[in-house]
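>>> Sequence first, then the predicted structure:
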Amino acid sequence: MSSPIVKLVAQRIALGILLLLAVSVLIFAGTQILPGDVAQAILGQSATPESLANLREQLGLNDPAFVRYFRWLGGVVTGDLGTAMSSGQDIATSIKGRLWNTLFLAFWAAVVAVPLAIILGLIAVRYRNGWVDKLISGLALASTSFPEFFIGYVLVYFFAVKYQIFPGISTVYDGMPFGERMQAIMLPAAALTLVVLAHMMRMTRAAILNVMQSAYVETAELKGLSAFAVIRRHAFPNAIAPIINVVMLNLAYLIVGVVVVEVIFVYPGMGQFLVDHVTKRDVPVVQAVGLIFAAVYISLNIIADIAAIVANPRLRHPK
Amino acid sequence: MADQRAKSVLLDVRNLRIEATVFPPGEAPKNIVLVHDVSLSLEKGKVLGLIGESGAGKSTIGLASMGYGRGGVRITGGEVILNGRDILKGGKEGFRKLRGREVCYVAQSAAAAFNPAHRLMDQVVEATLLHGTATRAAAEKRAIALFKKLSLPNPESIGERFPHQVSGGQLQRVMTAMALCSEPDLIVFDEPTTALDVTTQIDVLAAIKDAIRDTHVAALYITHDLAVVAQVSDEIMVLRHGRLVEWGGTRQIIKEPRQEYTNALVSVHEIEHQEQKPGTNPFLSVKNITAAYGRSHIKVLKNVSVDIYPGQTLAVVGESGSGKSTLARAITGLLPPEQGTVTFDGRPLANRLADRPKEDLRQLQMIYQMADVAMNPRQTVGTIIGRPLEFYFGLRGRERDKRVAELLDKIEMGKGFVDRYPAELSGGQKQRVCIARSLAAKPKLIICDEVTSALDPLVANGILKLLLELQKEENVAYLFITHDLATVKSIADSIAVMYRGEVVRYGAKSQVLAPPFDAYTDLLLSSVPEMEIGWLEKAIKGRRMASAGN
């Protein structure tokens, strides 16, 4: 009975994997096009041609590009992301902690932002075109219109400098107690929440308003349901697919787009890690981070697709 | 007597006035009056039919009895007294308590009126539970009993299904059950059978009528079809442009209408058309066509053959899904058939539209059901009609304008319309412009796909008369696709009855409409409502006897 769903979901997952492979090719090709290679980067400008040639031989850089690509890909698949040039450390190990930090921050920002955005969207629809709606939309739009570094510094100014409630620098370390860690991420999480809130809120509002035109919403009103019950029980379930879509896009942004906020609050996450290694021209690390970001982005979008498929009663309960 | 009536009055609407704000493009918003001081009253357990064309205000009045206005519609005057109190004074809270408890609503398209995300049972008992008049178990039991009464298949389990898993006719009955479930005093039926096929309509109509009789609920029955309303109503109220035209007993309205407008509605289908004998040489022959959409194995057309003679009308009649529009698509090349050929003037036409020369395209023109989406809203009437003149004949400038004026004259619209946009035209005028556009190509055949189905009866009548006149003048043939047998009777020379992709009966009109009938044609013909009290009972009885005989 659920065969169309299984088929569609399998299709989406297969497409996602294919897309991820394509992205890995692009990332690899991109780093190949850049001038200089790893050997040059390791040995610096003053290296002699002989030592360069030796190192290239040693690192296998003389093999054809596709051989090196598959060697890299094979490593990635088995969890070996290579070694960082700048520090000589294993990339997978150093990324693990960073990725955890980023996910931790994104998770708490999402826990606040997603329900808040949806509830605000529902309220905006309930009082559509009234002052409540306009106020919500206005504030939300203002918060997205300001660049995130601005919001970040405003938060720092008030909550860290003026009133000193939360730290302005979000230092976290391994084994840090949960409470302290939460306090440390409060300001960056707030900044991220403000950044993603409006988009989700506006899309929730638009998606539900679209459904409010349907005949079944009129049917619900004519049963005597209150305005809020009509929205919650009859409009929202049918608006869920577009809402999930925009939520997933924003979750992806919370993970891959946090560079600016992490830099402002000196938070040791993936964004900061990426920026550090770009300045050091540490290509293997940049490749690895790029691939992880792509994987996050693609999997969240697949989840959105699958959720939309599963939310469709026509697919869930075929004739 | 008057006192007795006053006691049993359920709904008393006095001098109801309903207004709306409209926002015409490029103009300041303005107020229009939709309903002008209409009064009506309805006794307990009786059915009042509200009839009129679109824009008559019948749905607006129906919804006003629930204190509801669509979009920007407002009740600005009068009283709506239900069960002895004026509901307009109750405010929002009052409306909520009344809706779904005292008054329930059955919408035109149940397919759209059911929420696709919830199971039918949850929606059927929702109002009952909301108003706390029964427990869930009791409400579900009541719903199942109603499903049985409305002769739904598997009444015990149909509530577990989702709307998309149930057919349109069944959904309409489930919606009636939903309205009856909370045991209201009044149900507003808003065109409940209009969206259904004629053979489905009769069963739903009978089910609704029985349910009304058995539950003693009162009803406002809104429809544009006088024959339908004659079957279920005790009284009929004729409305036009938001004003009362005539109000009386059902028999009086259909037998002795006092107003001219009512008379026009009653006698709407009386177009005379003398059937022409088919000639010896059809100019277009469809031979053994089989077609399917995509790579589907389901054949939408199975071995279909028909002939069309110059200057004559072949009516293709059948229910939705019978393949009538697909036949048109196969003939025009929009859907290349898998097998079979279309011969035109003795030579085969290319299967695919793209392979046909311009001259072949010119000879076959189409008119569609939805005139407003068949025209570019950004082009004027002159441009729309002028386009085929440029495309097929290379006419330009004054010559073109002259021909456009001639065509406008032919469709009885006049030169004044040249610079108008489609949005400024009425439904009937839009369809006339589409007719002019197809005539502009001077085709041998015009395929008319349900061209009158979206129009009010009187307007549709005008279009049919126009088509017949043009046929005489231009000697153009029509392939007239419709589900409406009354239309077929008035304009066809020959008829093809289609059922599930096959032509089940084909021949001259007089032959096709004369007994002995095949089972399907009999069913189809006996399902068309007649403007006669007691027709429904007779038809249902005839049908039961037929099925008992089988």
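Thanks, I have it. Keep in mind that what you see is a predicted model, and the values were worked out from it rather than measured.

>>> Show me what from the stretch 201-319 of chain A comes close to chain B.
Within reach of chain B by CB under 8 Å from any CB of the partner chain, the stretch 201-319 of chain A has these residues: A:214-216, A:218-226, A:233-234, A:237-238, A:313-314, A:317, A:319. Any C-beta I mention is one placed from the backbone N, CA and C, and that applies to glycine too.

>>> Quick check, pLDDT for whichever residue of the stretch 251-400 of chain B sits closest to chain A.
The nearest approach of the stretch 251-400 of chain B to chain A comes at B:Ile298, 13.8 Å away (CB to the nearest CB). Per-residue confidence at B:Ile298 stands at 81 (pLDDT).

>>> Next, count neighbours for whichever residue of the stretch 201-350 of chain B sits closest to chain A.
Nearest to chain A in the stretch 201-350 of chain B, going by CB to the nearest CB, is B:Leu220, at a distance of 13.4 Å. The number of residues packed near B:Leu220 is 27, by other CB atoms under 10 Å in any protein chain shown.

>>> and it, what does it touch?
B:11, B:42, B:47-48, B:50, B:61-62, B:65, B:186-189 (CB atoms under 8 Å, 6 or more residues apart in numbering or on different chains).

>>> B:Thr215 now?
Here B:Thr215 is in contact with B:180, B:183 (CB under 8 Å, 6+ apart).

>>> Mind doing that once more with 6 Å?
B:Leu180 (CB atoms under 6 Å, 6 or more residues apart in numbering or on different chains).

>>> What parts of chain B come near chain A?
B:66, B:96, B:99-100, B:105, B:107, B:112-117, B:126-127, B:162, B:164-165 (CB under 6 Å from any CB of the partner chain).

>>> Out of the residues you listed, which end up buried?
B:66, B:96, B:99-100, B:105, B:107, B:112-117, B:126-127, B:162, B:165 (16 or more other CB atoms under 10 Å in any protein chain shown).

>>> Kindly confirm my reading that B:Lys209 forms part of a strand.
No - B:Lys209: not assigned to a strand; according to DSSP: H, G, I helix; E, B strand; the rest coil it is helix.

>>> I'd assumed B:Val232 was in contact with it.
Yes - using CB atoms under 6 Å, B:Lys209 is in contact with B:Val232, at 5.1 Å.

>>> which element is the closest residue to chain B within the stretch 51-200 of chain A on?
Nearest residue of the stretch 51-200 of chain A to chain B (CB to the nearest CB) works out as A:Asn129 at 11.7 Å. Assessed by DSSP states H and E, A:Asn129 sits outside every helix and strand.

>>> What about the residues of chain B next to chain A, which are in helices?
B:96, B:112-113, B:126-127 (DSSP state H).

>>> Tell me which two in those residues are the farthest apart.
By the measure CB to CB, B:Arg96 and B:Ala112 form the most distant pair in these, at 22.7 Å.

>>> and the residue of the stretch 51-200 of chain A closest to chain B, how many neighbours does it have?
Neighbours of A:Asn129 (other CB under 10 Å): 8.

>>> any idea how chain B splits into domains?
B:45-67+B:94-266, B:284-514 (automatic domain parsing).

>>> Make TSV out of these and add distance to B:Ile540.
What follows is those, written out as TSV (distance: least, CB to CB, whole Å):
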stretch	distance to B:Ile540
domain B:45-67+B:94-266	5
domain B:284-514	18
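
>>> So which of these is the most surrounded?
Mean neighbour count (mean count of other CB atoms under 10 Å in any protein chain shown) peaks for domain B:45-67+B:94-266 among the domains of chain B, with a mean of 21.

>>> Quick one: end-to-end length of it, please.
26 Å (CA to CA, to the nearest Å).

>>> Average pLDDT for it, rounded please.
Along domain B:45-67+B:94-266, the predicted confidence averages to a pLDDT of 90.

>>> can you pull out the strands in the stretch 201-350 of chain B?
For the stretch 201-350 of chain B, applying DSSP state E, counting those that start in this stretch gives strands covering B:218-223, B:235-240, B:243-249, B:284-291, B:301-308, B:313-317, B:339-344, B:347-348.

>>> partners of the fourth one in the sheet?
Paired strands of strand B:284-291, with direction, are strand B:301-308 (antiparallel), strand B:339-344 (antiparallel) (DSSP bridges).

>>> repeat for the third one
Looking at strand B:243-249 with DSSP bridges, its partner strands are strand B:235-240 (antiparallel).

>>> And for the shortest one?
Strands flanking strand B:347-348 in the sheet, each with its direction: strand B:339-344 (antiparallel) (DSSP bridges).

>>> then the strand it pairs with to PDB, C-alphas only?
Taking C-alpha atoms only, strand B:339-344 is exported to PDB below (Å, rounded to 0.1, in the frame of the first residue of the first chain):
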ATOM      1  CA  GLN B 339      -4.000   3.200 -34.000                       C
ATOM      2  CA  GLY B 340      -6.500   4.300 -36.600                       C
ATOM      3  CA  THR B 341      -6.700   7.200 -39.000                       C
ATOM      4  CA  VAL B 342      -8.500  10.500 -39.500                       C
ATOM      5  CA  THR B 343      -9.300  11.100 -43.100                       C
ATOM      6  CA  PHE B 344     -10.100  14.600 -44.300                       C
END
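
>>> All set, thanks.
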